[in-house]
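*Asks:* Quick one, what's the 3D model for this:
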Amino acid sequence: MVDLNPVEQLVISAMKELGATKDTNIKTADAIAAKCSRPKGMVNNTLISLLNKGVIKRVAREKASGYYITSTEV
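*Replies:* Residues are numbered from 1 along each chain as shown. Predicted coordinates:
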């Protein structure tokens, strides 16, 4: 099990509620920030932390990058 701090848990929960659980349904940092009612900067830092832990993946796109959960341990 991956150790997540409270903000990381909040972001993961918001991503699950948005349905960002596979590469066909990715969500932007803006959408995730809006869902968990946190500043976008905080959410971006948390997404980077989750990327480094291997819990989520980032998909680069033309306009905005998207994210989805890859780990089944969260």
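*Asks:* average pLDDT for the helix or strand containing R58?
*Replies:* Using DSSP states H and E, R58 sits within strand 56-59. The average pLDDT within strand 56-59 is 96.
*Asks:* Run the chain-centre distance for it.
*Replies:* On the basis of Cα atoms, centre = their mean, to the nearest Å, strand 56-59 sits 8 Å off its chain's mean C-alpha point.
*Asks:* same deal with stretch 6-23?
*Replies:* Centre-to-centre, stretch 6-23 and its host chain are 5 Å apart (Cα atoms, centre = their mean).
*Asks:* ok, residues contacting it?
*Replies:* 4, 25-27, 31-32, 35-36, 38, 42-43, 46-47, 49-50, 55-57, 59, 66-69, 74 (Cβ atoms under 8 Å, 6 or more residues apart in numbering). Yep, even glycine has a C-beta here, placed from its N, CA and C like the rest.
*Asks:* swap in stretch 32-48?
*Replies:* With Cβ under 8 Å, 6+ apart as the test, stretch 32-48 has contacts from 7-8, 10-11, 13-15, 17-18, 20, 29-30, 56, 58, 67.
*Asks:* Mind doing that once more with 7 Å?
*Replies:* Under the contact criterion Cβ atoms under 7 Å, 6 or more residues apart in numbering, stretch 32-48 has outside partners V7, E8, L10, V11, A14, M15, E17, L18, A29, D30, I56, Y67.
*Asks:* Endpoint to endpoint, that stretch covers what distance?
*Replies:* Taking Cα to Cα, to the nearest Å, stretch 32-48 runs 13 Å from one end to the other.
*Asks:* Distance from it to the middle of the chain?
*Replies:* With Cα atoms, centre = their mean, you get 8 Å for stretch 32-48.
*Asks:* So which bits of it are buried?
*Replies:* Residues I32, A33, K35, C36, R38, V43, T46, L47 are the ones in stretch 32-48 that count as buried (16 or more other Cβ atoms under 10 Å).
*Asks:* name the element the second one belongs to?
*Replies:* Same thing as A33. helix 29-36.
*Asks:* in the protein, which spans are strands?
*Replies:* With DSSP state E, the ranges of strands along the chain come out as 56-59, 66-69.
*Asks:* quick one, which of those strands is packed in tightest?
*Replies:* Of these, the one with the most neighbours on average (mean count of other Cβ atoms under 10 Å) is strand 66-69, at a mean of 20.
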